[in-house]
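In: sharing a model that was predicted from the sequence below.
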Amino acid sequence: MKGAIIRIGLFIGLWGFLVLGLAAENRHLLQNELRRINLAQSMVVNFQELDFPTYADRDFWDNTPAEIRKSYIRNAEAALNYSWPSIKATDYLAFVQSGDRRDSVFWAPRTILTSLVMGELIEGEGRFLDQIVNGIWFYCEQTWWGWSAHLYLQKAPPGLPDIYGPVIDLGVADVANLLSWTYFFLEEQLDNIHPLISARLKDEIRKKVLIPYYERHDFWWQGFDRSRPLNNWNPWINYNLLSVILLMEDNREKKIAGVEKVIESLDYFLTDYAFDGGCDEGPSYWGHAGASLFQCLEFVKMVTKGKFNVFHDTQIKNIGSYIYKVYINYPYFVNFSDADAIVTTRSDIIYAYGNETGDSLMREFGAYLAQRQNWGKELFSGTVDEQIVQLMKLDEIRNFQANNVLIRDFWFPGIEVGGGRDAPNSPEGFFFAAKGGNNAESHNHNDVGSCVMYYNGKPCIIDIGREKYTSKTFSSNRYDIWTFQSQFHNLPTINGFNQSHGHEYKAKNTFYEADEKQMIFSTDIASVYPKEAGIEKWERTYQLQRGKRFTIKDSYELSEIKDTTSINLILYCKVQPVKSGIIHLTGYHDEYHLVMKYNSALFIPKIEFYPVADSKLNYYWPEGITRIVLKEHSLSKKGKSDICITAIEKR
């Protein structure tokens, strides 16, 4: 409705439980759908009936666009002389000994085998089969297919994989998916070389993956024991295991039971997911949360010949539309928690998701991202099946109407994240997003009440994000890492205290309002700090007066004054103090010129520049970041303050 106001106050209720990380009632949406269609009667018997091209379907492979075809073959040729490594005990032990995850050691062989399989499918001359066999044999001889950082899943002490208690993590699931699709497409070619290749491959998948999955109900990511809220691990692993079960399980009863178990697990994921579709892990992890959920649902729909279909469901639709709602302007997305500021998320999945849910904006957004990312002009990314699906959808997506979807406002009460821009369909002017929530969210930072602000689609006030993962990242020492601390978010340090972590440290009275003239986000962050800070109320408010100004307001009451209080702002731009109370903010490439005004009677500014050496952060913030610390020098127990940012008029 034109001119309508969105006004939502969050207290305790259903959304409160979700914000606290507690599960809502399980709707059993997916299990009910399985029962409705009778999976045993609906699921195809011969999986060659699926719409995937076979190895012998040379018309499909030979019609791959010439440049893509050449790239795939060159990639496979580069892998012909690859020497399959030995994963040493010290490669696993490095994580517990030094914190080194050595991810590339575990990822590299999977990348090589994927390249070889795709090259062989594209060329079809058998040139890469011997190396593919070597890759299969490499994995058959490997003790465990997972990543060293995830050995905490096993009952034995972490450090080395336990062959007597195999566990399933992201890496195991990824490798099992790769081997299953390799078998699906190349079974005949492998058997022509030697029948024991396929037999050994299937046996290793059964021991390392199928039996543990069938027998275990206590992996936290399954959701059955309800030991912790679920995150992207659930649909990520479940999609891979769905492929393994459907392609590698010969016993139909076990196959049906396996699919039913995956579906039950996914229902728990939906239970823990905010009904409004908000992803507390952020848009980069949506690529393995919402996107992997879609892949699961699409695959079950495919193997039931369209009978299984939940894409009409409101929550499923909301999970999809989240990804374009938190989009700022290419290539930036709202990046609270561990999320990435620059996201190259899967454009084809976004398009396909929108196609299934009937969301035209989502389809247009997927087509737009495909354009910007040169999708269809270079090698595709992802697993073998994902790359083949992209080849199958190539013309459809490239020919679809693309649209840089820039919605005016968004609000996710389930995770307390909201924001918007000066005007819809334009990156010009202000964009801001802010969050409430709690400090025990998935991939959490101590950032309740923080914000980001961009101008003309370029970063100004930012969320730094996270450095490259180490053993410390997910340990009890997580919050020793500087980027996870509230003092390195756009938040106050109060009486010398920064925010604490845990479910109990949560925002109160979070409020969001938007109309044609302005947008307001406010939340009381007093209870996010330790009691020793002596905070009775600290209401942080962000106000965007469209086309005019962005204001950060604080209204507070303290029980006592015991130490320094300051306002921290993290910026990615050139910061130039002009005079007392005025600081100029200029885009690193002169994309904008802003003026920040503050009360010089209240604050003394300190400007700190931080060069960025970490490879992960340097990708987003190569010019370095700046922290403005506005130290209050005449603090009273009760007071208010404003920081106002406006554009400098062009002369």
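Out: Okay, I see it. Numbers count the residues shown, from 1 in each chain.

In: distance between the longest helix along the chain and the chain's centre?
Out: Ranked by residue count, the top helix of the chain under DSSP state H comes out as helix 170-193. Averaging C-alpha positions (Cα atoms, centre = their mean, to the nearest Å) puts helix 170-193 27 Å from its chain's average.

In: same for that helix, what does it pack against?
Out: Packing partners of helix 170-193 (3 or more Cβ pairs under 8 Å, 6 or more residues apart in numbering; DSSP states H and E): helix 103-123, helix 129-141, helix 195-205, helix 233-248, helix 384-392. Every residue, glycine included, has its C-beta placed from N, CA and C.

In: rounded mean pLDDT for it, please.
Out: Per-residue pLDDT values across helix 170-193 average out to 98.

In: by neighbour count, which bits of that helix are buried? Give me those.
Out: 170-187, 189-190 (16 or more other Cβ atoms under 10 Å).

In: with stretch 425-440 instead?
Out: 427, 429-440.

In: secondary structure class of the residue most central in space within the chain, three-state.
Out: Centroid check for the chain by Cα atoms, centre = their mean gives Tyr285 as the closest residue, at 0.8 Å. Recorded secondary structure, Tyr285: helix (DSSP: H, G, I helix; E, B strand; the rest coil).

In: the nearest residue to it once chain neighbours are set aside and Thr357: what is the separation?
Out: Closest residue to Tyr285 apart from its sequence neighbours, by Cβ to Cβ, 6 or more residues apart in numbering: Asn232 at 4.9 Å. Distance, Asn232 to Thr357, by Cβ to Cβ, to the nearest Å: 20 Å.

In: again with Phe311
Out: Phe311 is 5 Å from Thr357, by Cβ to Cβ.

In: ok, now which ones touch Val448?
Out: Val448 sits next to 435-439, 486, 491, 499, 505-507, 523, 525, 528 when contact means Cβ atoms under 8 Å, 6 or more residues apart in numbering.

In: and if you look at Ser227?
Out: Trp220.

In: kindly indicate whether it is helix, strand or coil.
Out: Following three-state DSSP, we place Ser227 in the coil state.

In: phi, psi of Ala514?
Out: phi -150, psi 140 (degrees, to the nearest 10).

In: thought it was touching Arg421?
Out: No: using Cβ atoms under 8 Å, Ala514 makes no contact with Arg421, being 10.7 Å away.

In: neighbour count for these two, which is higher?
Out: Arg421 (26 against 22; other Cβ atoms under 10 Å).

In: and Phe52, how far from Ser243?
Out: Distance from Phe52 to Ser243, by Cβ to Cβ: 11 Å.

In: need the overlap of contacts for the two.
Out: With Cβ under 8 Å, 6+ apart as the test, Phe52 and Ser243 both reach Asp385.

In: looking at those two, which is more packed in?
Out: Neighbour tally, Phe52 and Ser243, criterion other Cβ under 10 Å: the higher count belongs to Ser243, 23 against 17.

In: surely that one touches Asp385?
Out: Yes: assessed by Cβ under 8 Å, Ser243 is found in contact with Asp385 at 6.7 Å.
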